[in-house]
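J.: Got a predicted model here, sequence first, then my questions.
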Amino acid sequence: QKEVEQNSGPLSVPEGAIASLNCTYSDRGSQSFFWYRQYSGKSPELIMSIYSNGDKEDGRFTAQLNKASQYVSLLIRDSQPSDSATYLCAVKGTASKLTFGTGTRLQVTL
Amino acid sequence: KAGVTQTPRYLIKTRGQQVTLSCSPISGHRSVSWYQQTPGQGLQFLFEYFSETQRNKGNFPGRFSGRQFSNSRSEMNVSTLELGDSALYLCASSPGHGDFNSPLHFGNGTRLTVT
């Protein structure tokens, strides 16, 4: 079992719709969770962090965490073509290193 | 505040050679982590340095090594290059002290091609 799992996609959503990206992790002791966005040929950039169960909203982005189910998700409301990128889920586990999923490619269509 | 700076941006080497990559963290950050990114494997953790000491290590062979200097700048070295070492190498920094909840901030990466 991979430490952090994501569906590789592509996930295709029409402009204006809600994109839902999911991630599961294996280390039950994990405490910090992050979502990064990576455009093709660029380095990852942080878009959200979440540490407690529940929802955390920042503009059009909402991160959701359920530690009992070992599940993290990212919702993007009113998706724009500029949101088309690969979204990386990252988890900081008990070893304190940050482990990344392989990413979900999101395509927002006009 | 300047971001994480990696040099060089691109490198082409031949099999058997060695290579050194450099990373300057964000000012005040004392932790530097290195990752290898390939299309098939995604971001793979190489190692993390804090205060000139390796704090964490990933599952890479001994050909991959690193070090950190007193000014927090870091270098990683790959010896006896193999074709499979072709990848984007990313450096990331964080404050490093009591920063369990701190995210990593990435540099632009070094694209290494081994021929």
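T.: Sure, I can see it.

J.: Could I get the contacting residues of residue B:68?
T.: Neighbour list for residue B:68: B:32, B:49, B:50, B:51, B:52, B:53, B:74 [criterion: C-beta atoms under 8 Å, 6 or more residues apart in numbering or on different chains]. All C-beta atoms are positioned from the backbone trio N, CA, C, and that covers glycine.

J.: The last one and residue A:70: what is the separation?
T.: Yep, that's residue B:74 we're talking about. Distance, residue B:74 to residue A:70, by C-beta to C-beta, to the nearest Å: 32 Å.

J.: Which one's more surrounded, the two?
T.: residue B:74 (25 against 17; other C-beta atoms under 10 Å in any protein chain shown).

J.: Okay, and the nearest residue to that one once chain neighbours are set aside sits in which element?
T.: Spatial nearest neighbour of residue B:74, chain neighbours left out: residue B:32 (4.0 Å); criterion: C-beta to C-beta, 6 or more residues apart in numbering or on different chains. Per DSSP states H and E, residue B:32 falls inside strand B:31-38.

J.: pLDDT-wise, which helix or strand of chain A ranks last?
T.: The weakest-scoring helix or strand in chain A, judged by mean pLDDT, DSSP states H and E, is strand A:98-100 (a mean of 92).

J.: Grab the nearest non-local neighbour of residue 46.
T.: Went with chain A since none was named. The shortest distance from residue A:46 to any residue other than its chain neighbours is 4.8 Å, reached at residue B:103 (C-beta to C-beta, 6+ apart).

J.: I was thinking of chain B, sorry if that wasn't clear
T.: Leaving aside its sequence neighbours, residue B:46 sits nearest to residue B:34 (C-beta to C-beta, 6+ apart; 4.1 Å).

J.: these two touch, right, the one you found and residue B:93?
T.: No - using C-beta atoms under 8 Å, residue B:34 is not in contact with residue B:93, being 10.6 Å away.

J.: Neighbour count for the two, which is higher?
T.: With neighbours defined as other C-beta under 10 Å, residue B:34 and residue B:93 compare such that residue B:93 has more, 27 against 24.

J.: OK, contacts around residue 70?
T.: Here I'm looking at chain A. A:24, A:25, A:26, A:28, A:30.

J.: that answer is for a different chain, and I need it for chain B
T.: residue B:52.

J.: backbone phi and psi for it, please?
T.: phi -60, psi -20 (degrees, to the nearest 10).

J.: Parallel or antiparallel, list what pairs with the least confident helix or strand of chain A.
T.: The strands beside strand A:98-100 in its sheet (DSSP bridges) come out as strand A:85-92 (antiparallel).

J.: Tell me what residue B:21 is bridged to.
T.: Counting by DSSP bridges, the residues bridging with residue B:21 are residue B:76.

J.: For it, grab the count of nearby residues.
T.: That count, for residue B:21 with other C-beta under 10 Å as the rule, works out to 21.

J.: quick one on the thing from earlier: tell me the one of the contacts of residue A:70 nearest chain B?
T.: Checking those against chain B with C-beta to the nearest C-beta, the nearest one is residue A:30 at 10.6 Å.

J.: Residues in contact with stretch A:93-105: which ones?
T.: Stretch A:93-105 is contacted from outside by A:2-11, A:21-23, A:25, A:27, A:29-30, A:34, A:36, A:38, A:85-92, B:33, B:35, B:41-43, B:45, B:48, B:55-56, B:58, B:100, B:104, using C-beta under 8 Å, 6+ apart.

J.: Can you tell me which of these are buried?
T.: For the contacts of stretch A:93-105, a neighbour count by 16 or more other C-beta atoms under 10 Å in any protein chain shown gives the buried set as A:3-6, A:11, A:21-23, A:25, A:30, A:34, A:36, A:38, A:85-92, B:33, B:35, B:42-43, B:45, B:48, B:55-56, B:58, B:104.
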